[in-house]
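[1] Predicted coordinates and the sequence they were generated for:
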Amino acid sequence: MKYYIVDAFAEKPGKIFSGNPAGVCLLEKWPEDHLMQAIAAENNLAETAFIVKSKSGYDLRWFTPELEVDLCGHATLAAAFVVANFMDPHVCAMPFATRSGILTVVKNGDLYEMDFPSRPAQKIDATEQMKEAIGARPLEAYLARDLMLLLETEEQVRDLQPDFERIKKMSEGFAVIVTAKGRTSGADFVSRFFAPKAGIPEDPVTGSSHSTLIPFWSARLGKKELAARQLSKRGGTLYCEDAGERVKIAGHAALYLEGNIQT
């Protein structure tokens, strides 16, 4: 089984050790789910993507070390990078059939632009439990797939030291997004993403969270095109657009490893 590790949302094209590493496996047909889960656990990356070529494009699934997920941005970008560079080198538009519908990725020079569903969040009450889980008092709280907590400053987001065990016990959301307006980073908004329920304490750069972040910040800042920065230790930059019921999320990628998995 051909296997790649790609740093998605890398700072620059070809720049490894930045962005979010994703595993990508090329398959001729789908194996048993337990094998894909075992491979994802063995890889121990936030996500491993599995691709099967189809008549209409590509079928795509994503697994964390502990479970299959319904949407993953950085592993989709990594999958598109592998398709465009190793599978179908002349392709520009790549339609992926997923549990979240058809996700099309377009290669535009060194950028890979993903077309994702928009997932606006509904405002809910901020609680003391939320404050204790992230170690800061949120100004506002919102819920879509994930719980999104608005903080006052970029510095607060960068300096957070969350309690992952408390986050695991929270009933709201698949994961926790913390976000604030950009200031010194040069981005319109910044964020971090914590998903200990899925075996990912902190995800370095998260495409799927921007399905919620983009409509929120587009409305709040009054602009359709936004630059986003995820303030994890590795860090990553995302180029975003609010397109109504869809969002556009673009970034660079870099190949770290190419090899074979013995199964």
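    Thanks, I have it. Remember, predicted model here, so these are calculated numbers, not experimental data.
[2] hmm, who's touching whichever helix or strand residue 78 is part of?
    When elements are assigned from DSSP states H and E, residue 78 belongs to helix 73-82. Applying CB atoms under 8 Å, 6 or more residues apart in numbering, the set of residues contacting helix 73-82 from outside is 4, 6, 8-9, 19-20, 22-24, 26, 46-49, 51, 58, 60, 62, 94, 96, 98, 103, 105, 107, 112, 114, 116, 203, 205-211, 249, 251, 253, 255. Backbone N, C-alpha and C define where each C-beta goes, glycine included.
[3] Of those residues, which belong to strands?
    Within those, residues falling in strands by DSSP state E are 4, 6, 8-9, 20, 22-24, 26, 48-49, 51, 58, 60, 62, 94, 96, 98, 103, 105, 107, 112, 114, 116, 203, 249, 251, 253, 255.
[4] Does residue 184 touch residue 154 like I think?
    Yes: in terms of CB atoms under 8 Å, residue 184 counts as a neighbour of residue 154; the distance is 6.3 Å.
[5] More neighbours: which of these two?
    residue 154 (21 against 10; other CB atoms under 10 Å).
[6] give me phi/psi at the more buried one?
    Per-residue torsions, residue 154: phi -60, psi -40 (degrees, to the nearest 10).
[7] ranges for the strands of the stretch 151-263 of the chain?
    Assigned by DSSP state E, counting those that start in this stretch, the stretch 151-263 of the chain shows strands spanning 176-181, 189-195, 200-203, 225-230, 236-243, 246-260.
[8] Let's have those strands in TSV, adding distance to residue 139 and mean pLDDT.
    Below are those laid out as TSV (distance: least, CB to CB, whole Å; pLDDT from 0 to 100):
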stretch	distance to residue 139	mean pLDDT
strand 176-181	9	98
strand 189-195	14	97
strand 200-203	21	91
strand 225-230	19	96
strand 236-243	22	94
strand 246-260	23	96
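[9] Make JSON lines out of those and add mean neighbour count.
    Conversion of these to JSON lines gives the following (neighbours: other CB atoms under 10 Å):
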{"stretch": "strand 176-181", "mean neighbour count": "24"}
{"stretch": "strand 189-195", "mean neighbour count": "26"}
{"stretch": "strand 200-203", "mean neighbour count": "20"}
{"stretch": "strand 225-230", "mean neighbour count": "21"}
{"stretch": "strand 236-243", "mean neighbour count": "21"}
{"stretch": "strand 246-260", "mean neighbour count": "19"}
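[10] so which of those gets nearest residue 30?
    Nearest of the strands of the stretch 151-263 of the chain to residue 30, taken as CB to CB: strand 246-260 at 18.6 Å.
[11] What strands line up against that closest one, and which way round?
    The strands that strand 246-260 pairs with in its sheet are strand 2-10 (antiparallel), strand 111-117 (antiparallel), strand 236-243 (antiparallel) (by DSSP bridges).
[12] want to try TSV for the ones you listed, with distance to residue 178 as columns?
    Formatted as TSV, those follow (distance: least, CB to CB, whole Å):
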stretch	distance to residue 178
strand 2-10	18
strand 111-117	20
strand 236-243	16
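[13] looking at the ones you listed, which is closest to residue 31?
    strand 2-10 (13.4 Å).
[14] who touches the residue nearest to residue 35 when sequence neighbours are not counted in this structure?
    Using CB to CB, 6 or more residues apart in numbering and skipping the chain neighbours, the partner closest in space to residue 35 is residue 263 (6.7 Å). Applying CB under 8 Å, 6+ apart to residue 263 gives the contacts 1, 31, 35, 39.
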